[in-house]
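K.L.:
Quick one, fold the following:
(one chain, ligands or ions: 2)
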Amino acid sequence: MVEFTINGKKVEAEKDEAILDVAMREGFDIPTLCYHDTLGSDGRCRLCVVEVRKGNRKRIVTSCLYPVENGIEVLTESPDVLLVRKTVLELLLARCPDSEVIRYIAKEHGVSNTRYAKDNDKGKCILCNLCVKTCEFNVGVTALGMSGKGPAKKVTTPYGEPSRVCIGCGACVAICPTGHIYMEDRDGVRMIWNKRFELARCPKCNRYHAPVEQLEFIAGKSGTPIEELLICPDCK
Ligand code: SF4
Ligand code: FES
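P.N.:
Ligands and ions are numbered 1, 2, ... in the order given. Sure, this is the predicted structure:
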């Protein structure tokens with residue numbers, strides 16, 4: 001076990017844990033955008049910065065990636081942390097000026113504008129990779145990936161075409177922290193990632209509830225009869 005302090009409170013952790021995981025378990029509030037409890041974080045948003053003091057040295061680190069160490073002092077809201085976090089929020093506001101979530105978190109931290117040039121090309125995407133990871137690891141279809149380099153990097157389906165393997169489940173929409181991914185259900189059809197999905201109707205309440213391709217995928221994986229899956233969650 002490793003022992004250290006967070007804002008003066010003594011805490012214990014397993015040796016490979018990240019500071020953020022321990023801080024959350026101990027009830028400390030650290031803002032995050034790109035962390036998810038089932039998928040971890042790729043360290044993209046930098047909102048989770050904290051100060052780590054060890055002897056005479058102090059550093060600002062990304063708490064979702066920084067491993068715990070014996071004897072360190074962690075501060076989640078020191079003046080330096082708050083200053084860096086505000087700068088991070090200004091950068092996020094510049095990258096995604098239309099993201100309501102980013103604007104909300106920024107406002108909570110007293111940031112209503114940005115000194116940096118606004119980017120109107122990136123939509124609301126912070127390249128956190130959570131959509132790609134949930135598609136691969138939680139759903140198991142790998143319909144999404146990152147393409148391009150540097151400023152041109154973006155999340156997309158292969159060659160930007162409707163993906164052959166996408167089942168239209170919307171897991172990427174649900175996990176996206178910034179509301180970047182467009183999905184629309186209308187008149188029995190779901191549109192997502194430029195692909196059209198026929199929605200299945202529940203035989204009991206007649207409501208559209210899930211793409212037929214998604215239900216077929218689940219039936220194939222789980223062996224559950226499709227007739228059973230056609231019944232919507234509310235009527236089960
Ligand atoms: S679309 Fe959303 S979930 Fe995917 S990388 Fe961008 S911000 Fe993250
Ligand atoms: S939660 Fe740590 S960088 Fe996003």
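
K.L.:
Quickly list what R190 is bridged to.
P.N.:
D185, F197 (DSSP bridges).

K.L.:
for the closest residue to F137 other than its chain neighbours, what are its contacts?
P.N.:
Leaving aside its sequence neighbours, F137 sits nearest to L39 (Cβ to Cβ, 6 or more residues apart in numbering; 6.7 Å). Where C-beta positions appear, they are placed from N, C-alpha and C, glycine not excepted. Neighbouring residues of L39 by Cβ atoms under 8 Å, 6 or more residues apart in numbering: L130, K133, T134, F137, N138, I175.

K.L.:
Who wins on neighbours among those residues?
P.N.:
The residue in the contacts of L39 with the most neighbours, by other Cβ atoms under 10 Å, is L130 (28 neighbours).

K.L.:
measure the residue nearest to F137 to ligand 1 for me?
P.N.:
Separation of L39 from ligand 1 (Cβ to the nearest ligand atom, to the nearest Å): 10 Å.

K.L.:
The nearest residue to T142 once chain neighbours are set aside: how many residues sit nearby?
P.N.:
Counting by Cβ to Cβ, 6+ apart, T142 lies nearest to E136, which is 4.7 Å off, once chain neighbours are set aside. E136: 15 surrounding residues under other Cβ under 10 Å.

K.L.:
Looks to me like E136 is in a helix.
P.N.:
Yes: assessed by DSSP: H, G, I helix; E, B strand; the rest coil, E136 belongs to a helix.

K.L.:
Was I right to think it contacts N129?
P.N.:
No: with contact defined as Cβ atoms under 8 Å, E136 does not count as touching N129 (10.0 Å).

K.L.:
And A152, how close does it get to Y159?
P.N.:
15 Å (Cβ to Cβ, to the nearest Å).

K.L.:
How about R59?
P.N.:
42 Å.

K.L.:
Over to D16?
P.N.:
38 Å.

K.L.:
on that earlier part again, and the contacts of L39 near ligand 1, which?
P.N.:
L130, I175 (Cβ under 6 Å from any ligand atom).

K.L.:
and of the contacts of L39, the nearest to ligand 2?
P.N.:
Of all the contacts of L39, ligand 2 sits closest to L130, with 9.9 Å by Cβ to the nearest ligand atom.

K.L.:
OK, contacts around the nearest residue to that closest one once chain neighbours are set aside?
P.N.:
Distance criterion Cβ to Cβ, 6+ apart; nearest residue to L130, sequence neighbours excluded, is I175 at 4.8 Å. I175 sits next to H36, L39, L130, C131, T134 when contact means Cβ under 8 Å, 6+ apart.

K.L.:
One more: A106?
P.N.:
Taking Cβ under 8 Å, 6+ apart, one finds L89, E90, L92, L93, S112 in contact with A106.

K.L.:
for the second one, what are its contacts?
P.N.:
If you count contacts by Cβ under 8 Å, 6+ apart, E90 has them with A106, V111, N113, T114, R115, Y116.

K.L.:
distance of the third one from ligand 2?
P.N.:
Right, N113. 22 Å.

K.L.:
Cross-check the contact I'm expecting between that residue and L93.
P.N.:
Yes: counting by Cβ under 8 Å, N113 touches L93, with 7.4 Å between them.

K.L.:
between the two, which one's more packed in?
P.N.:
Remark: of N113 and L93, L93 carries more neighbours, 23 against 11, as counted by other Cβ under 10 Å.

K.L.:
Could you report the separation of that one from S112?
P.N.:
Relative to S112, L93 is positioned 9 Å away (Cβ to Cβ).
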